[in-house]
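Chemist: quick one, what's the 3D model for this:
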Amino acid sequence: MVMNVLWREGRCPASRVVDQVAKHSDWHFRTVKTLLRNLVAKGFVGYEVDAQDSRIYYYTPLVDEEQYLQQERQQFLHLYYGGDRSSLLAGFLQDGKLSAAEAEKLRRMLNSSAEEE
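Modeler: Here you go, the predicted model:
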């Protein structure tokens, strides 16, 4: 949610990020500020301090959405599945039914991936 605001708004003050996130969630402003701090630490977001008011921080996305999602997927895969993609996929398949269209799309992706190896 925080990254979506930054991708949409570009460079913006923390207060604007908090306001935009609050429209879609009940997150406290401290939660949003903590998320911003973590995103900065991971290198996804940069910030500048206002030259006239050191209490105002402007945040800017440093990665595009696909780069961010790829990194988050990899972290999730390694954290929860030890890097085993087949276990991750099997878990998702066991959790819910796929539509025929989803199954066909997945089949094509798997075939394409296997052919590349």
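Chemist: what's the neighbour count on residue 29?
Modeler: 14 (other Cβ atoms under 10 Å). From N, CA and C alone the C-beta is placed, and that goes for glycine too.
Chemist: that one contacts residue 18, correct?
Modeler: Yes - with contact defined as Cβ atoms under 8 Å, residue 29 counts as touching residue 18 (4.7 Å).
Chemist: OK, contacts around the most centrally placed residue in the chain?
Modeler: Centroid-nearest residue in the chain: residue 69, 5.0 Å away (criterion: Cα atoms, centre = their mean). Contact analysis of residue 69 by Cβ atoms under 8 Å, 6 or more residues apart in numbering lists nothing.
Chemist: what about it, distance to residue 83?
Modeler: Here residue 69 is placed at a distance of 17 Å from residue 83 (Cβ to Cβ, to the nearest Å).
Chemist: how near is the residue nearest to the centre of the chain to residue 4?
Modeler: The separation that residue 69 has from residue 4, given Cβ to Cβ, amounts to 11 Å.
Chemist: do a quick rundown of the strands in the protein.
Modeler: Ranges of strands within the chain are 12-13, 45-49, 57-61, based on DSSP state E.
Chemist: what's the neighbour count on residue 5?
Modeler: Neighbours of residue 5 using other Cβ under 10 Å come to 21.
Chemist: leaving out sequence neighbours, find the closest residue to it.
Modeler: Nearest residue to residue 5, sequence neighbours excluded (Cβ to Cβ, 6 or more residues apart in numbering): residue 20, at 4.3 Å.
Chemist: apart from its neighbours in sequence, what residue is nearest residue 49?
Modeler: For residue 49, the spatially nearest residue (Cβ to Cβ, 6+ apart) is residue 57, at 5.9 Å.
Chemist: roughly how far apart are residue 40 and residue 64?
Modeler: For residue 40, the distance to residue 64 - Cβ to Cβ - is 17 Å.
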